[in-house]
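Visitor: structure here, sequence nowhere to be found:
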């Protein structure tokens, strides 16, 4: 317990691994603590990432780990952090089944966890024919009939975004009531609404067949759903970090949280002016770089203060 790292990075996804590489290049003694659970595990291919379009997420992580481990000051350890205490200059990280470790600063990149709509078949197809982000998966549904599950106001904006990609868009209201503004917007777009509850989603050929109570099954090339998400780890609460209305960790433009010495990056972090975190592998990696740079800068300024 007497040994202390300059920075402990919690999470070994794109944000955490990019942060590790940045810190390693600046000769900061860095410990990366991560598990084998990642938000994009369900998908076989990631998209909209410069130079890696269509690559499996695990392939990117493997390459990123190799890059980070090439720096002498970076140590990657497969371990789960169960609790973080202390403050700037001496944080204590308790690990599952291992001795605690210490760090002067902490960079959280542990991500979020999705909860899918409770519809049979959605979980099985999520990440492929069922998706939640048109920027990540919309092009793959091009030229097909695309469904949007739900009745909340977001379905109109989603239908408008997906319209140029799809041959046809249909909203599956899943038994919910659309408000007047959403109904009017969908009517202007020429998007039909299927009112009944969706009872099951299953693969048929290269697409989906959606069973709807009181209606004929709806054939689709792909389906967009809205997930509920929450922070994947309890550390924000343990450290007393400020959270946004969406439940994300509030950060400034450099990834600094409301607690000195604690930084956050990736899907769990919400920057200034954003209504929610920008859930993207590329944005997460960029956030990891910026937060790591802030760690280095803050430490340097503290030494000359």
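Guide: It's in. The model shown is predicted, which means the values in this text are computed figures rather than measured ones. Numbering: from 1, shown residues only.
Visitor: okay, CA-based contacts and neighbour counts for the rest of this
Guide: Noted.
Visitor: for the protein, longest helix please?
Guide: Longest helix in the chain by number of residues (criterion: DSSP state H): helix 281-304.
Visitor: what comes into contact with it?
Guide: For helix 281-304, contacts defined as C-alpha atoms under 8 Å, 6 or more residues apart in numbering pick out 7, 14-20, 22-23, 26, 28, 48-50, 105, 107, 109, 254-256, 261, 263-267, 278.
Visitor: over to stretch 205-217?
Guide: Stretch 205-217 has contacts (C-alpha under 8 Å, 6+ apart) with 129, 174, 196-203, 218-222.
Visitor: now, which of these sits nearest residue 77?
Guide: Closest approach between those and residue 77, by C-alpha to C-alpha: residue 129, at 34.2 Å.
Visitor: and stretch 106-114, how far out from the chain middle?
Guide: Distance, stretch centre to chain centre, for stretch 106-114: 8 Å (C-alpha atoms, centre = their mean, to the nearest Å).
Visitor: circling back: mind giving me the PyMOL command for buried ones among the contacts of helix 281-304?
Guide: Selection of buried members from the contacts of helix 281-304 for PyMOL, criterion 16 or more other C-alpha atoms under 10 Å:
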select buried, resi 7+14+15+16+17+18+19+20+22+23+28+105+107+109+254+255+256+261+263+264+265+266+267+278
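Visitor: just the ones of the contacts of helix 281-304 in strands?
Guide: 7, 105, 107, 263, 264 (DSSP state E).
Visitor: any idea which of those residues is closest to residue 85?
Guide: Nearest to residue 85 among the ones in strands among the contacts of helix 281-304: residue 105, at 11.4 Å, using C-alpha to C-alpha.
Visitor: okay, and the beta partners of the closest one?
Guide: residue 7 (DSSP bridges).
Visitor: same question for residue 194.
Guide: Going by DSSP bridges, residue 194 is paired in beta bridges with residue 172.
Visitor: picking that back up, buried residues in the longest helix of the chain?
Guide: Per 16+ other C-alpha under 10 Å, helix 281-304 contains these buried residues: 281-296, 299.
Visitor: does anything pack onto the helix or strand residue 82 falls within? Which helices or strands?
Guide: Element membership for residue 82, per DSSP states H and E: strand 81-87. With contacts taken as 3 or more C-alpha pairs under 8 Å, 6 or more residues apart in numbering; DSSP states H and E, strand 81-87 sits against strand 90-95, helix 235-239.
Visitor: out of the ones you listed, nearest to residue 123?
Guide: helix 235-239 (27.2 Å).
Visitor: for the closest one, which outside residues touch it?
Guide: When contacts are defined by C-alpha under 8 Å, 6+ apart, helix 235-239 is touched by residues 82, 83, 84, 85, 242, 249, 259.
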